[in-house]
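In: Structure, please.
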Amino acid sequence: MQETSATIARQYIDAVATFEALEEALEEAAQVRGGMYWHAGPTSAPDAKYLVRTTPAGAETSLGARTPETEAIYARFTQRKRESAERVAGLKAALDQHQRLNRALRVGRVDPLVVALLGRLASTALSPHFRVVGTHALYAYEAAAGVRLDSDALATRDIDLLWDTRKRILFATQLAKVDSSMLGVLKKVDGSFRIRKSQKYTAVNKDGFEVDIIRRERTGADPHPIKLSADEDDCWVAQARRANALLDSPGFSAVIVATNGTMARMNTVHPATFVTFKRWLAKQPGRDPLKRRRDVLQADAVQVVVDGYLPRLWGGAFVLGPAVGCSWVGCLQLVVGC
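Out: Numbering: from 1, shown residues only. So this is what the prediction gives:
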């Protein structure tokens with residue numbers, strides 16, 4: 001592991017500031033989506049006007065007859081919409097420039113496909129339903145810490161997306177707004193993605209890159225088996241041992257950068273939780289020896305990151321206990337104010 005150079009660190013900081021400003025601007029722009037217009041009154045009152053609010057889906061709501069109050073509402077809305085559009089356009093242009101600098105300075109190390117996938121989940125408002133778990137989470141940790149982990153710990157040709165079954169109704173509603181299936185969302189990123197016939201929870205593209213959709217083990221009213229949409233060819237979701245602990249653990253978010261300079265936000269688990277999980281996984285009977293060694297390598301690497309570069313996340317110090325023979329909550333102690 002090595003620290004990033006001062007030049008790369010500065011560029012990353014500046015690029016992230018612009019990226020986060022754009023995130024905020026897009027949230028503000030979402031509040032003024034659609035439009036407003038003055039609707040003519042009935043034939044019995046041809047001079048009457050009524051203010052109507054429209055949504056992107058075409059729904060309309062009357063806000064009342066034309067009065068000084070509704071005229072003020074209309075003026076504020078049009079001003080906010082205009083200013084919001086200008087701000088978004090300006091920040092997008094600034095981010096494009098930063099992404100070119102990212103590429104020139106070799107700021108990023110992530111596969112552009114991963115960044116494009118996370119970007120697509122964000123733009124479709126599906127990202128709150130997933131957490132990146134497994135090896136790719138290391139890119140979020142190293143980005144936040146300003147370091148570069150050894151390549152042996154990072155090498156992988158798949159990404160694991162942990163889906164929250166507790167939000168399945170909200171997910172289905174949002175997915176229906178943006179696409180007919182989760183596979184359709186993936187195809188917008190790379191049209192060659194297909195569901196593996198022998199492993200229905202895995203989508204693979206023409207280059208062999210895989211996206212695995214996993215969930216917590218069935219509990220309570222969880223449906224099982226479950227598919228992400230009614231589409232015949234969509235992804236099923238595989239149960240993963242102790243995945244409930246990953247859902248219940250504190251979240252962690254960082255902006256990552258691809259080798260081509262593009263950027264996206266990665267939502268994952270807290271690095272301390274990652275360490276605990278990997279140490280537990282390495283102790284499991286029947287674990288492949290090569291994977292076990294890699295589990296330990298990754299746990300050790302992230303432990304160094306937590307201890308040396310991220311010791312006081314959220315105003316507290318995370319103390320990692322032994323991962324064998326204890327519960328997830330017991331393994332991870334949050335000591336507030338240390």
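
In: can we go C-alpha only for contacts and neighbour counts from here?
Out: Fine.

In: All the strands of the stretch 201-338 of the chain, in order from the start?
Out: 210-216, 238-240, 251-257, 263-269, 316-320, 332-336 (DSSP state E, counting those that start in this stretch).

In: elements contacting the shortest one?
Out: Under the contact criterion of 3 or more C-alpha pairs under 8 Å, 6 or more residues apart in numbering; DSSP states H and E, the helices and strands touching strand 238-240 comprise strand 210-216.

In: before we move on, back to that, export the strands of the stretch 201-338 of the chain to CSV and tack on distance to residue 66?
Out: Shown next, in CSV, are the strands of the stretch 201-338 of the chain (distance: least, C-alpha to C-alpha, whole Å):
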stretch, distance to residue 66
strand 210-216, 52
strand 238-240, 56
strand 251-257, 46
strand 263-269, 44
strand 316-320, 55
strand 332-336, 55
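
In: To residue 72, which of those lies closest?
Out: strand 263-269 (37.5 Å; C-alpha to C-alpha).

In: Identify whichever of the strands of the stretch 201-338 of the chain lies nearest to residue 228.
Out: Nearest to residue 228, of the strands of the stretch 201-338 of the chain and by C-alpha to C-alpha, is strand 210-216 at 9.3 Å.

In: Show me how far that closest one is from its chain's centre.
Out: Chain-centre distance of strand 210-216: 14 Å, with C-alpha atoms, centre = their mean, to the nearest Å.

In: do stretch 306-315 as well
Out: Centre-to-centre, stretch 306-315 and its host chain are 22 Å apart (C-alpha atoms, centre = their mean).

In: Which helix or which strand is home to the residue in the chain sticking out farthest from the centre?
Out: Centroid-distance maximum for the chain: residue 44 at 53.6 Å, with C-alpha atoms, centre = their mean. Using DSSP states H and E, residue 44 falls within no helix or strand.

In: any idea how far residue 21 is from it?
Out: With distances taken as C-alpha to C-alpha, to the nearest Å, residue 44 is found 50 Å from residue 21.

In: So for the longest helix anywhere in the chain, mean pLDDT?
Out: If you go by DSSP state H, the chain has its longest helix at helix 68-105. Mean pLDDT, helix 68-105: 97.

In: Give the buried residues for it.
Out: Across helix 68-105, burial judged by 16 or more other C-alpha atoms under 10 Å covers 70, 74, 77, 80-81, 84-85, 87-88, 91-92, 95-96, 98-99, 101-103.

In: Likewise for stretch 182-197?
Out: Those would be 182, 183, 184, 185, 186, 187, 189, 190, 193, 194, 195, for stretch 182-197 by 16+ other C-alpha under 10 Å.

In: what does stretch 5-23 give?
Out: 8, 9, 11, 12, 15, 16, 18, 19, 21, 22, 23.

In: what's the burial count for the residue lying closest to the first one once chain neighbours are set aside?
Out: Once its chain neighbours are removed from consideration, residue 8 has its nearest residue in residue 107; the separation is 5.7 Å (C-alpha to C-alpha, 6 or more residues apart in numbering). Using other C-alpha atoms under 10 Å, the number of residues around residue 107 comes to 26.

In: same question, the one 4 residues further on
Out: Around residue 111 there are 15 other residues, counting by other C-alpha under 10 Å.

In: how much space is there between the closest residue to residue 255 other than its chain neighbours and residue 231?
Out: Counting by C-alpha to C-alpha, 6+ apart, residue 255 lies nearest to residue 265, which is 4.3 Å off, once chain neighbours are set aside. Look at residue 265 and residue 231: by C-alpha to C-alpha, they are 28 Å apart.

In: got it, and residue 281?
Out: Plainly put, residue 281 is 34 Å away from residue 231 if you go by C-alpha to C-alpha.

In: ok, now residue 129?
Out: 19 Å.

In: In contact with residue 145, which residues?
Out: Residue 145 is in contact with 305, 309, 310, counting by C-alpha atoms under 8 Å, 6 or more residues apart in numbering.

In: Cross-check the contact I'm expecting between residue 81 and residue 29.
Out: Yes: the pair residue 81 / residue 29 is scored as a contact, 7.1 Å apart, by C-alpha atoms under 8 Å.

In: Where do the strands of the stretch 1-150 of the chain begin and end?
Out: So, for the stretch 1-150 of the chain - with DSSP E, counting those that start in this stretch - the strands run 2-3, 35-40, 49-54, 60-65, 130-133, 147-148.
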